[in-house]
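Novice: have a look at this prediction, sequence included:
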Amino acid sequence: MRQTLVVEGSLAYRTQRAAAASAGAIGREVLTLPQLAARLAGGFVELAGSDVVFPAIGDALSSGGFAELHLVAHLPGTPRAVFDSLTKVWNADLDLRELALGAGRLADLALLETRVREALPAAWLLPRDLRDVALSRVAHAPRIFGQVILDCIDIEPVWRPLLAALAGVLPLEWRSVGDVDRTWFSGSIAAVDTHVPKIDIAQSCADTRSEIVEALRWAREHLSSGSVPAAEIAIASTTPHLYDEYMLVLRQDSGLPIHFAHGLPALSTPVGQCCAALADTLTRGLDQKRVRRIIQGFPATSAADEVPKDWALGLRAEAGLFSVDQWEVALRAARGAREHGDKAERVLLPILRMLAGGPANAVEAGNLLLSEKSLAIWKQALRMAPTAAISLSLSQLRVPDDTDPANSIAWCSSDQLSTSPRPIVRLIGLNVKSWPRGDRDDALIPNHVLPRRTLQGRSLTDRDRISFFAIAARARHVALSLSRRSARGGLQAASPLWPKALESELLRHRVPAHAFSENDRLLARPLEAKDDVRVARSRACWRAWASPQLTEHDGLIGVDHRVVRKAVERIHSATSLRLLLRDGQAFVWAYAMGWWANRLEARPLELDAAAFGDLVHEMIAAAIRLLDTQGGVQRASSSEREEALAAAAAQIAISWPSQRGVPPAVIWNGTVATAQALAKHALEVDAELPQNIRSWTELAFGKVPTMTGAPWKGEDPVVLPGTGIRVHGRIDRLDLADTRVATRITDYKTSPKPLEVFRLVIGGGRELQRVLYAAAAKQLLPDVQRVVARLIYLRDDAYEHPLVGEELERATATLSEFAELARNALLEGRALPGPDALDKYSKFRLALPADRERYFEMKQGSLKTAQGKLNQYWSSE
C-alpha cells in the first residue's frame, strides 16, 4: 500500500527516511509539506528557497520607491529582515495587497512581494502560489500519495486549505501531540502515546560550557551501558547556536557520534575557512599573511595550477605588503630566489589587483579562487547581503552535517526534537529567558503595525512549552540542566519549567562517574594522571618554581651539553652576545632550542625602537653611499647632503614596506621624516673632516664579504681578545686616515642619552657595539695605532661620547673577561636567568613563570650565589 509520511524539520526528515529504509517499507515516502505541495503541483515546480528569494529581495530593495523602508533599504541586515518578515506573512496566509491599505510599512512589503514574485523563475513559486497550484490538481492526489499521515506538531495556515482538500479525496491522518488548534482539520486524528512528563535528573551547572560537558558525560554514561544506541539519545536547547562553539570543540575531543541537526557553522568547516580567508582579504585589504592564507588553501582550480610552488621564496616574513605596489617591489626583488623567474609576478599580480579592488570584486574572486563547495557557500553568502557585508553573511551561514542522524546522538533545537522524538533526551539551558522564550515583535512588522497573533498564531512562549511537553511526554528518560551564570558571568534564574525539588548542584571541577574524553578521565582520576609524563613534568616544574633552590627547571643543565656548546661556538652578533652576557637561560632558549616569540602585530601603528634605529642607520648609509659617488661626505656641501638624504629617504620609503611591516601611510611618512631629521644630524656632525680621511658606512666584519674598496675582507675572522669567541657585525661608520695610523668608529643611537652618559662604558653588557667594533678594527687593521670608539646620540643634537686609549683598552679587556665568564657558566651547566629576564619588554616573558616578580624574589639568593662573579659585571657601567 502506498503511504506518504509528512514530517517537519531536517532531523525528522532524515530519521524517518532512514527508518523506512531499515524497515524495508516499500511504498512509503517521506516528505515535508512544501515537498508534498510541489509533488502535487507537478511541472517541475517547487517552493522558492532562500537561495533564489534573497537575490530577488536584494534587487527589489535596490529599486527603491518605498514609503518607510527607504531609510534602511541599504543596510546589510535588511534583506534577512525582509525575508523573515515575508516568510511569516506567507506562512500566516496573509494577503499583503489587502493589508497594505492600512499601513505604509505593509505597503512597502506588498511592493517587495510583488517584485520578488515577478523576478522568480517559473519553476520557483512562493508558498501561497505553490499551494494554489497544488489545490488545482488535488484530484490526482490519491494516485500520487495513497494514504497521507501528518507527523507534525502544528500546521501553518498557508497549508491548511490544501490539507482540507486532501481530506476529501484520500485517507488523511494526523498524529497529534500537544495542545494546538485542530478544529480546522477534517481528517482523522490519531493520538500519540504519551505520558505525564517525568523528570529523572535536574542538574544545575556552573556555566554554558559546563552544561555541554555534563551533557556529554551523561551521553557517554548511557552509551557505556551497552543497551542504549546513539540513535536513541538527543541533546536539545531552544537556542542551540549559543552552545555550538563548545559542542564543536568538545565533540572532537570526546569522539562521540554527534549530529548537528540545525547544521554546522559554515566557518567551522575547511571549505568555509577558504571563504573566510577570501572575505578577510577583500574587506580588510592586502597583507602578506592574508594572501599566504588564500594561496596555501588553494583548492584544485585553474588559478592554483598556474601559481608556481616557490612563489614565496625570497619574501621576508616580516614584510607587511599592504598594497599591490609593495607586492610588485617585493616579488621583483626576490625574482632570483625562484626557479621560474618572473612567473610568480605574471600570475600573482593580476590576482592581487583583483583582491585589492575589495568587495566589488567578490563574485570574480570567488569564481577564480574557490572550489566548487566553497563557491556554493560564497554565492549563498553574497545572496544574503551586500558584498561589503560578506563577512557578516558568512558568520551566519550553516552547512548540513555529514554525520548520519540514524546512528548518532542528535544535537538540535527543541522544535526539531519535538517532531522527531527520542527516548533518551537531555534538555539544556532551562533558564528563565530560554525555556520558554519570551514573545517578541517582528523586526519589520511590530505589533502596532499588525497584531502579533495575526502574524503568528502561536507565541514563541507557547511553542516552547508545547515542544517541552512533546519531548518529555514521549521519552522514557528526561534530564534537564541549567547554567547558574551566563557567558558574561551574570547570575541566571531558573525557568518556570524547572523542577526545583529535583535540583542537584554540580561543581565545575567535580569528579564525574563517567568521563566524556580521555582528558576528562585524567582530570577525574588524579592518581592515574600523575603517571602521565606531561602531567608529571608539569607538577615537578611547579614544585621547583615554588622552591628557593635551583633545579633543572630554573636552568641547571648538563655539563658541556653538545647543543649548548654548538650555540656558544656560533659567530656572535652584538644581539646574541648581549643575550649570552645578560640572560644565559634566554640565550639557550633562542640559539640552542630555536625558541623565538612570534610577531603578533602585522601592521604596527609605530615602529618599535629597534626598527626605528634600523631605519635611521639605513638612511645614513644610503645617503653616504650616494655622496661617495659625488666625491665623499667631506667634499659635499650642506645642500648636497640634504639632497642625498632626501633621495635616500624617498627610496627607503618605497623599499621598506616590501621588507618589513610599517605603519599606515600617513604615520609612515611622518616616521620617515623624523628619521631623516636624525640622519641629518649624523651627516653634519663630521662635516668639517679633512679630505684625507675616508669613511665607510654599514661596514661588515667577521662573516659577510664587504663591498669593493673596503679596508678589509669582511669574511676574515674576528675574535674577542683572549677568548676564542668569534664575533661579526656591521659598523655604523668607520673613518680611516690615509696613513692608516688612526681610525674612528661611530655607533649611532636614536634613543635619548642616559642621564649619566659620561660613565657609560659597556653598561653591564647592554652597550657592546662600539667596543666590539673597536676590537674588530684593531684586528683587521693591525697598522692602526690610535682607535676612537664613540657613541653619538642623534636625538640630543648629535651628542658625542667617545672611548679612547687606556679607557678603550680596559673596556675591551672587561668585555672579554665578561664573555669568557658567561660562556663558561653555560658550559658548566648554569643556564640561569640574568637581569634582562626582568625587563618588562623581554621577548621571552611568556616562557617564564606567570608571577615573575615573586619567582625571582624567591630565587634571588640562590641565583646570586650561582651567578658568582657575573653579578659584578652586571652592576658595572
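Specialist: Received, thanks.

Novice: distance of the spatially closest residue to residue 340 that is not a sequence neighbour from residue 578?
Specialist: If the residues on either side of it in the chain are set aside, residue 340 comes closest to residue 308, at 5.0 Å by Cβ to Cβ, 6 or more residues apart in numbering. (Each C-beta comes from the backbone N, C-alpha and C, glycine too.) To residue 578, residue 308 is 40 Å away according to Cβ to Cβ, to the nearest Å.

Novice: so these two - more neighbours on which side?
Specialist: residue 578 (20 against 16; other Cβ atoms under 10 Å).

Novice: quick one: contacts for the more buried one?
Specialist: Listed by Cβ atoms under 8 Å, 6 or more residues apart in numbering, the contact set of residue 578 reads 765-766, 768, 836.

Novice: among those, which one sits closest to residue 538?
Specialist: Using Cβ to Cβ, residue 836 is the member of the contacts of residue 578 that lies nearest residue 538, at 25.8 Å.

Novice: quick check, that closest one in contact with residue 842.
Specialist: Yes. Counting by Cβ atoms under 8 Å, residue 836 touches residue 842, with 6.3 Å between them.

Novice: neighbour-wise, which of those two wins?
Specialist: Comparing residue 836 with residue 842 by other Cβ under 10 Å, the one with more neighbours is residue 836, at 23 against 17.

Novice: so which residues of the stretch 251-400 of the chain form strands?
Specialist: Under the criterion DSSP state E, counting those that start in this stretch, the stretch 251-400 of the chain contains strands at 258-260, 264-265, 398-399.

Novice: what are the phi and psi values for the residue nearest to residue 340?
Specialist: Main-chain torsions, residue 308, degrees, to the nearest 10: phi -70, psi 150.

Novice: go on, residue 481?
Specialist: Given degrees, to the nearest 10, the pair of backbone angles that residue 481 has is phi -150, psi 160.

Novice: so, low pLDDT: which residues of the protein?
Specialist: 1, 102, 298-304, 598-602, 631-634, 686-691 (pLDDT under 70).

Novice: any idea which residue of it is furthest from its center?
Specialist: Going by Cα atoms, centre = their mean, the residue of the chain most distant from its centre is residue 739, 61.6 Å out.

Novice: let me see the contact set for that one.
Specialist: Residue 739 makes no contacts at all, as judged by Cβ under 8 Å, 6+ apart.

Novice: redo that, cut-off 10 Å
Specialist: 692-693, 783-785 (Cβ atoms under 10 Å, 6 or more residues apart in numbering).

Novice: mind checking the longest helix of this structure?
Specialist: helix 805-827 (DSSP state H).

Novice: list the buried residues of that one.
Specialist: 808, 811-812, 814-816, 818-819, 821-823, 825-827 (16 or more other Cβ atoms under 10 Å).

Novice: which SSE is immediately downstream of that helix?
Specialist: helix 852-867 (DSSP states H and E).

Novice: and the buried residues of helix 805-827 as CSV, adding distance to residue 178?
Specialist: Formatted as CSV, the buried residues of helix 805-827 follow (distance: Cβ to Cβ, whole Å):
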residue, distance to residue 178
808, 94
811, 90
812, 91
814, 89
815, 86
816, 89
818, 84
819, 83
821, 84
822, 79
823, 81
825, 78
826, 76
827, 80
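
Novice: so which of those comes closest to residue 383?
Specialist: Looking across these and measuring by Cβ to Cβ, the closest to residue 383 is residue 826, at 62.9 Å.

Novice: gap between the closest one and residue 814?
Specialist: 19 Å.

Novice: same question, residue 20
Specialist: Distance, residue 20 to residue 814, by Cβ to Cβ: 89 Å.

Novice: next: residue 251.
Specialist: Residue 251 sits 62 Å away from residue 814, going by Cβ to Cβ.

Novice: residue 861 now?
Specialist: From residue 861 to residue 814 the distance is 26 Å (Cβ to Cβ).

Novice: again, but for residue 659
Specialist: 36 Å.

Novice: same question, residue 566
Specialist: Separation of residue 566 from residue 814 (Cβ to Cβ): 27 Å.

Novice: how about residue 505, phi and psi?
Specialist: According to degrees, to the nearest 10, residue 505 has phi -90, psi 130.

Novice: quick check: beta-bridge partners of it?
Specialist: Note on residue 505: beta-bridge partners residue 204, judged by DSSP bridges.

Novice: re earlier: would TSV of the contacts of residue 578 with secondary structure be doable?
Specialist: TSV is the format used below for the contacts of residue 578 (DSSP: H, G, I helix; E, B strand; the rest coil):
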residue	secondary structure
765	helix
766	coil
768	coil
836	helix
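
Novice: quick one, what contacts the nearest residue to residue 42 once chain neighbours are set aside?
Specialist: In this structure, residue 42 finds its nearest non-sequential neighbour in residue 137, 6.5 Å apart by Cβ to Cβ, 6+ apart. Residues near residue 137 by Cβ under 10 Å, 6+ apart: 37, 39-43, 144.

Novice: these two touch, right, residue 568 and residue 822?
Specialist: Yes. In this structure residue 568 lies within contact range of residue 822 using Cβ atoms under 10 Å: 9.1 Å.

Novice: find residues that contact each of these two.
Specialist: 580, 584, 587, 725.

Novice: the first one sits in which helix or strand?
Specialist: Yep, that's residue 580 we're talking about. Assigned by DSSP H and E, residue 580 falls in helix 574-582.

Novice: quick one: that helix to chain centroid distance?
Specialist: On the basis of Cα atoms, centre = their mean, to the nearest Å, helix 574-582 sits 35 Å off its chain's mean C-alpha point.

Novice: again with stretch 2-10
Specialist: On Cα atoms, centre = their mean, the centre of stretch 2-10 falls 42 Å from the chain's centre.
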